[in-house]
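Trainee: got a predicted structure here, sequence first:
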Amino acid sequence: MAALTVALADIDVSDRIQPLDEVKAQEIAVSFGVHGRLINHIGLRQTPKGKKKWVLVHGRHRLRALEISGIVDLVEGEHFERMAVDAAQARLLEIEENMARTDVSPFGRAVMLAAYREATAIDGRGAHKKSATDPEAQARLVVLRDGFTAHAMRVFDLSSDQVERLVRIGSVLTKPVGLSERLHFSRIARNQSQLLKLSALPEEQLARAAEAFDAAKGDFFVMMTILSRPPEGQTALLQKLGDGASLSDVVNAKAETPPAFDHWKQVVSAYHQLDFKSRVSVTVEHWNKDEKAVRAAFKALGYELVKVDAK
């Protein structure tokens, strides 16, 4: 019996959590050209009633690499494997495969983990949101009795702090229109400290984050200079940049808002869910050598710094 072939044009790749990294796809295409095969097969599920006959489950970059290599028909067992899963299961498999990759940025993992929480539909008590009204949901997804954090710790080998930080980053920074697409391939995506600082800003100050990213040309510190201001201050600053003011003029200009230690409340409030050790670590990391800011932040958290005799 001849192996099943699937035309690349018949595969739906539209509903993906993360954008395609063309550079990575090119690298895989080079490897495919050298070795003549894929190290890992692409996962496909059949959708007879869909607009396209097949839907990609996992392997977006591998699929693009085959396209780059001139492959128009995929062969089962050589390029792909059929997966008997529904849409909900496919989403979980997509996330789990990407979380297992070692080259995913902290932002990429954060987006995936936030999507995983949504896909598993677990509420704060560890129950599925759909389980009461959708019996099929119970059969599809494992019922979690101890909450999402504990489950994610087991599945992805993360600490509770890591889960909570990544979920916060992923859930907050994917809300502003256009921001996620810009962050994915930026230097900020690989700096968890910077991502935490961004996610700590109030929602109204993050509303124009995509504009701020563009105006700052992806520079985190310039971006924070813009976003740390109230919405009206952001408008004025972005207008100056739009009128031709240079970034150096904007950054070096006298601040129109108080320095970082005067707006500590909006940042430390984002860490209320962390344990003591994590609060201390994140607070010190946020303000680095600004002792006045660190002291103010710890005081807000209910801690007092005291001098200890080294004798």
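Mentor: On my side now, so go ahead.

Trainee: what is the burial count for residue 35?
Mentor: Residues within reach of residue 35, counting by other CB atoms under 10 Å, total 9. The way it works is simple: take the backbone N, C-alpha and C, and place the C-beta from them, glycine included.

Trainee: tell me how far it lies from residue 89.
Mentor: Spatial separation of residue 35 from residue 89 under the definition CB to CB, to the nearest Å is 30 Å.

Trainee: show me the protein divided up by domain.
Mentor: Residue ranges for the domains of the chain, per automatic domain parsing: 1-84, 86-200, 205-253, 258-311.

Trainee: save those as CSV, and put in mean pLDDT too.
Mentor: Below are those laid out as CSV (pLDDT from 0 to 100):
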stretch, mean pLDDT
domain 1-84, 92
domain 86-200, 82
domain 205-253, 85
domain 258-311, 60
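
Trainee: quick check: which element contains residue 45?
Mentor: Element membership for residue 45, per DSSP states H and E: strand 42-46.

Trainee: hmm, who's touching that strand?
Mentor: Residues lying outside strand 42-46 but in contact with it, judged by CB atoms under 8 Å, 6 or more residues apart in numbering, are 6, 11, 53-59, 62-63, 66, 74, 79-86, 90, 93, 97.

Trainee: could you find the residue nearest the spatial middle of this structure?
Mentor: For the chain, the residue whose C-alpha lies nearest the mean C-alpha position (CA atoms, centre = their mean) is residue 111; its distance is 2.5 Å.

Trainee: for that one, which three-state class applies?
Mentor: At residue 111 the chain is in helix, as set by DSSP: H, G, I helix; E, B strand; the rest coil.

Trainee: dump the residue contacts of it.
Mentor: Taking CB under 8 Å, 6+ apart as the test, what residue 111 contacts is 17-18, 170, 174, 180, 184.

Trainee: most widely separated two among those residues?
Mentor: Between any two of the contacts of residue 111, the greatest separation by CB to CB is 11.7 Å, found for 170 and 184.

Trainee: that older thread, next, the angle from the helix or strand just after the strand holding residue 45 to strand 42-46.
Mentor: Using DSSP H and E, the helix or strand that follows strand 42-46 towards the C-terminus is strand 54-58. Computed by axes from the mean of the first three to the mean of the last three CA atoms, to 10 degrees, the angle separating strand 54-58 from strand 42-46 equals 140 degrees.

Trainee: dump strand 54-58 to CSV, keeping only the CA atoms.
Mentor: The C-alpha trace of strand 54-58 is given here as CSV (Å, rounded to 0.1, in the frame of the first residue of the first chain):
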residue,chain,number,x,y,z
TRP,A,54,-5.7,19.0,7.4
VAL,A,55,-4.7,21.1,10.4
LEU,A,56,-1.2,21.5,11.8
VAL,A,57,-0.9,20.2,15.3
HIS,A,58,2.8,20.8,15.8
